[in-house]
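Undergrad: when you get a sec, could you give me coordinates for this:
(chains A and B)
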Amino acid sequence: MRKKLTLFILLGWILLLIGDRVDELRVYQGAQIAMYAIALSSIVLLTGYSGQVSLGNGAMMAVGGYAAALTLNNLGGPVWFAFVMAVFVSALFGAFLGAAAARLSGPYLAGTTLALAVGLPEIANQFDFLGGVPGLLFDVGFPPERLGEEFTQYKWFFWIATFLALLSLFITSNILQSRYGRTWRAIRSNSLAAELSGVHVGRMKILAFTISSAIAGLAGAVLAMTISLVAPGAYTLALSFALVTGAVLAGVSSLPGVVFGALILVAIPEVADVLATRWGGDENLNNYLPGLIVSVLLILSVIFTPNGPGEKLKSRHHKKG
Amino acid sequence: MIRKTRVKGTWLAATVLAVGSLFATALPAHAETGVSSSEIKLGITLPLTGAASPGYNKIGNAMNAYFKYVNDNGGVNGRKITLIQKNDEYSPQLSIAKTNELVLKDKVFALVGPLGTANYTSVHKSVGIAKRGVPSLFLNTGFSGFGNKKTYPTSFMILPSYAMEAKIMAKFLKENYAGKKLGIVYQNDEFGIDGLGAFKAAGTKFDVSVAYTSGTQSAATAQTWVSQLAAGGAQVVVFFGVTSATAPLLAVAAAAKYAPQWILGSVGADPLTLRALGVPLAVLNGALTPAGNPSPNDTSDEYVKQFQEINTKYNTGTAFDDYVLQGMNIGLMTVQALRAAGSNPTRKGLISAMENKGSTFASVAYSPLGYSKTSNVGHTGYYMAVMDANGDRKPFGGKVTLYTTDSGSGPVVVSTFKRPAMPAKGLPNN
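TA: Numbering: from 1, shown residues only, chains lettered A, B, ... in the order given. So this is what the prediction gives:
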């Protein structure tokens, strides 16, 4: 545990050094990678460990994003409190939802969460205090002055996002290696056998949903920070699908894999841009290509490596070892 | 133990991968971002697709057509202008992503004509437009908040603010419709509230007031607006919203045989777009609207005539409407600003050129420009126009009566300002 903590602190330190040495677009993308890494870890916990398939992670992120923005805009106070509230409110929401989800499984659960991903962000359009289509501002403020004139807004986002990503991954990895992680895996492998050996399956599933939602909520708040606002258009169905694809590519039950998955999600628009430019530079093509790439990657991955390329590499590694 | 080491190894590998990819680029060094010996790179974000795109999607191509015309005639001090258009689908988060691409990746010299109030508010904050010193000229939004030079030191408006528009409408209502029952439908965000606040300050009292949330406009919601207006007996209805909301409002009201005197805010009143959205000509006939520019069909106007010629040659197949006129005019003003910035333009030079010479630029709109060292306000006035049975608009009362004002508590006055002449052949020589 102490060794792992040292490792995480070391990683954080390396990332901060790098943040100083790359151009700003990369710094911004670094913050996005951190955001996606948090979001993907919530899927790893929920799907990879407890075996519950959710297509509604974008909606849980929306809950976190709106909770953070409403907290900061209405109560003021330090920014960290907004992030804490994002985690807390989405955990509460997740617990409520988990109670329903624990009674469902497989395609039924997927269908329910899919409906949530479609419907929930649209609720913002119906209530004025949620700001409608333009959304609400979420302004974490300028970086502290003592960091110097040269310290940009994006570097500030990168610092906050990286810190939160490392913190949440550290906590998640500890939870997954604990008794809870083992119990979830037991449920995923065979819920009947788990129940016979004394596991309260329903309660454990709700717990998984709650923690996963809390993590997704944090990711939602980080996303809101990087774009300075929350709006229904930020938490689309496309985001939920992109996250599922990222998780599958990462290897659904591999926590370190989330960094790889996050990297791919940030790289896709870049690749799309290069391809669109090569094919004539049509801006519309550029806008639709990322979605196409996500879909194709998901289909290819399900056909050839149902547990994700990461998982396949790992099993090869295991066989060799 | 072996497993633990392996897990740590995977963590390390994953991070190294992330780090490696971050290192994959380096910054090239050059004199001024976006300016080379042969080219000036500019960027714009606007909705090219999606619900809000009708009309707006023409602005970028119109600007491009004008720039091509200038490029074919020698460019700006020998440099050709390249305009990079990015589609943000009117979504603020896409605006940020696309502006990031423009500023950090494409490294444009300046932004010209970025569109949308919520979009530009979040772009300005997140991308750090002011902090980076990126000039952002001729915003396609009339939110009076952007006229705050302290918060937006590198941004310059072009449209008169929504507050100015509402003040001018208020004066017009008082002079022409005193004693009538007034109604208003407005978009419940910065845009509509900007206008509503100005009406209140001017002492206009609405008997019926209907607010709608942006994005909820449809035939079904328009039904509720119309029943509220009709139930309240509103005889004159002011509409302060976007075109995609004007269309269902007018169509539903016509179907319900409810025909008040419509006064449509400039944002939601382009006749061509309204007709494309299914509003019959007969309904538009007689509707009033504040207008800043001459009608795009008025070929007796030297600007309109020149722009129409450029449109025919460089924007083939596009109908010449208010949006095309606006796009071309932004192009004309951009070229004047670039010329005013000198033969080796810098971002700082461009901003000070706007501050020092911007108010003298030729522009199609009738009202004076408010640029100065302490103001980034663009045009400052409107005249009232009436739509006719052909879908055209004519000045109310037969001739242009120009009202000018500010976004604050200043009075609304009738102006005798004479706009500068169109440069010869539409090519600035300032």
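
Undergrad: from here on, just use CA atoms for contacts and neighbour counts.
TA: Noted.

Undergrad: check which helix or strand covers B:Ala362.
TA: B:Ala362 is part of no helix or strand when elements are defined by DSSP states H and E.

Undergrad: that one and B:Ala421: what is the separation?
TA: B:Ala362 sits 7 Å away from B:Ala421, taking CA to CA, to the nearest Å as the criterion.

Undergrad: what's the answer for A:Asn73, then?
TA: A:Asn73 is 48 Å from B:Ala421, where distance means CA to CA.

Undergrad: surely B:Val112 meets B:Leu46?
TA: No - counting by CA atoms under 8 Å, no contact exists between B:Val112 and B:Leu46, whose distance comes to 10.6 Å.

Undergrad: what's around B:Gln235, how many residues?
TA: Residues lying near B:Gln235 (other CA atoms under 10 Å in any protein chain shown) number 18.

Undergrad: list the contacts of it.
TA: Shown here is B:Gln235, whose contacts under the criterion CA atoms under 8 Å, 6 or more residues apart in numbering or on different chains are B:Lys180, B:Lys181, B:Leu182, B:Gly183, B:Pro260, B:Gln261.

Undergrad: kindly recompute the last result at 10 Å.
TA: Shown in contact with B:Gln235 (CA atoms under 10 Å, 6 or more residues apart in numbering or on different chains): B:Tyr177, B:Lys180, B:Lys181, B:Leu182, B:Gly183, B:Asp207, B:Leu229, B:Tyr258, B:Ala259, B:Pro260, B:Gln261, B:Trp262.

Undergrad: residue contacts, the closest residue to the first one other than its chain neighbours?
TA: Which is B:Tyr177. Nearest residue to B:Tyr177, sequence neighbours excluded (CA to CA, 6 or more residues apart in numbering or on different chains): B:Val236, at 7.8 Å. By CA under 10 Å, 6+ apart, the contact set of B:Val236 is B:173, B:177, B:180-184, B:206, B:229, B:259-263.

Undergrad: hmm, try it at 7 Å
TA: Remark: with contacts taken as CA atoms under 7 Å, 6 or more residues apart in numbering or on different chains, B:Val236 is in contact with B:Lys180, B:Lys181, B:Leu182, B:Gly183, B:Pro260, B:Gln261, B:Trp262.

Undergrad: next one: the helix or strand where the fourth one lies to chain centre, how far?
TA: Looking back up the chat, that one is B:Gly183. Assignment of secondary structure by DSSP H and E places B:Gly183 within strand B:182-187. Between the centre of strand B:182-187 and the centre of its chain there are 21 Å (CA atoms, centre = their mean, to the nearest Å).

Undergrad: partners of it in the sheet?
TA: Within its sheet, and counting by DSSP bridges, strand B:182-187 is paired with strand B:208-212 (parallel), strand B:236-240 (parallel).

Undergrad: just the mean pLDDT for it, thanks.
TA: Taken as a whole, strand B:182-187 has a mean pLDDT of 93.

Undergrad: for stretch B:58-71, same thing?
TA: For stretch B:58-71, mean pLDDT rounds to 96.

Undergrad: same check on stretch A:291-301?
TA: Stretch A:291-301 shows an average pLDDT of 85 in the prediction.

Undergrad: now it - C-alpha only, CSV.
TA: Extracted in CSV, the C-alpha atoms of stretch A:291-301 (Å, rounded to 0.1, in the frame of the first residue of the first chain):
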residue,chain,number,x,y,z
GLY,A,291,-18.2,8.7,-34.1
LEU,A,292,-17.6,6.3,-37.0
ILE,A,293,-14.2,5.4,-35.7
VAL,A,294,-15.5,4.7,-32.3
SER,A,295,-18.2,2.4,-33.7
VAL,A,296,-15.8,0.6,-35.9
LEU,A,297,-13.3,0.1,-33.1
LEU,A,298,-16.0,-1.3,-30.8
ILE,A,299,-17.3,-3.7,-33.5
LEU,A,300,-13.8,-4.9,-34.3
SER,A,301,-12.9,-5.3,-30.7
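
Undergrad: ok, is that stretch in contact with chain B or not?
TA: No - under the criterion of CA under 7 Å from any CA of the partner chain, chain B is not reached by stretch A:291-301; the shortest gap measures 14.2 Å.

Undergrad: and that stretch, which residues are buried?
TA: With burial defined by 16 or more other CA atoms under 10 Å in any protein chain shown, the residues of stretch A:291-301 counted as buried are A:Gly291, A:Ile293, A:Val294, A:Ser295, A:Leu297, A:Leu298, A:Ser301.

Undergrad: with respect to A:Leu249, which of those residues is nearest?
TA: Compare each of the buried residues of stretch A:291-301 with A:Leu249 using CA to CA and the shortest gap goes to A:Ser301, at 6.9 Å.

Undergrad: looking at B:Ala362 and B:Ala421, which one has more neighbours?
TA: Each of B:Ala362 and B:Ala421 had its neighbours counted (other CA under 10 Å), and the higher figure belongs to B:Ala362 (22 against 13).

Undergrad: quick one: pLDDT of the more buried one?
TA: At B:Ala362, the predicted lDDT confidence score is 96.

Undergrad: all set now, cheers.
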